[in-house]
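Participant: model this:
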Amino acid sequence: MTPLKVVLDTNALLRSISRRSPFSVILDKLYEGGFELWVTNDILLEYEEKVSDIFSKETAELILGALALLPNVKKTDIHFQLFLIDKDKDDNKFSDCAFAGNVHYLVTNDKHFNVLSSIPFPKINVISLEAFKDML
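Facilitator: This next block holds a predicted model:
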């Protein structure tokens, strides 16, 4: 069976970190190998920056260290920049990664990604954090 392949935008990751969060199950499932997380260097750098800002540098080091060791975290290189998102150009790193990894879902609650549903090619399925949690 093909594993579920996803890209988590930074906000989705941040909301999954706290043990008190209803979304902590997402990181639990990732650590258990329940799905593949696709990332790029740019995504990892943003994860590190935002986790350090909101939680702590130590928390960021722990999470990034875990991501580096997990066999179901797949790092890809971006060969095509598609520029599909105009409202926040920084979000394109996630849609580009989703395209490069041929993932099933890009998990986000960021409204800037809504434009992807109106683009016929490449088809990038955007799913909310709540829907992804329910799927797991």
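Participant: Is the residue nearest to K89 when sequence neighbours are not counted in a helix, a strand, or coil?
Facilitator: In space, K89 comes closest to F83 once its chain neighbours are excluded; the distance is 7.5 Å by C-beta to C-beta, 6 or more residues apart in numbering. In this view, the C-beta of every residue, glycine as well, is placed from N, C-alpha and C. Under the three-state scheme (DSSP: H, G, I helix; E, B strand; the rest coil), F83 adopts coil.
Participant: Number of residues surrounding F83?
Facilitator: A count of nearby residues for F83, using other C-beta atoms under 10 Å, gives 10.
Participant: Against D110, how distant is F121?
Facilitator: Look at F121 and D110: by C-beta to C-beta, to the nearest Å, they are 22 Å apart.
Participant: no no, D28
Facilitator: 23 Å.
Participant: Which of the two has more residues huddled nearby?
Facilitator: Set side by side, D28 and D110 show more neighbours around D110, with 19 against 13, by other C-beta under 10 Å.
Participant: For the residue nearest the centre of the chain, which non-adjacent residue is spatially closest?
Facilitator: Closest to where the C-alpha atoms of the chain average out (C-alpha atoms, centre = their mean) is L8, at 1.4 Å. Nearest residue to L8 in three dimensions, chain neighbours excluded: V107, at 5.0 Å (C-beta to C-beta, 6+ apart).
Participant: what sits against that neighbour?
Facilitator: V107 makes contacts with V6, V7, L8, D9, A12, I26, V126, I127, S128, L129, F132, as judged by C-beta atoms under 8 Å, 6 or more residues apart in numbering.
Participant: W38: which of these is nearest?
Facilitator: Using C-beta to C-beta, V7 is the member of the contacts of V107 that sits closest to W38, with 5.1 Å.
Participant: Would you mind stating the distance between the closest one and R20?
Facilitator: For V7 relative to R20 (C-beta to C-beta), the value is 25 Å.
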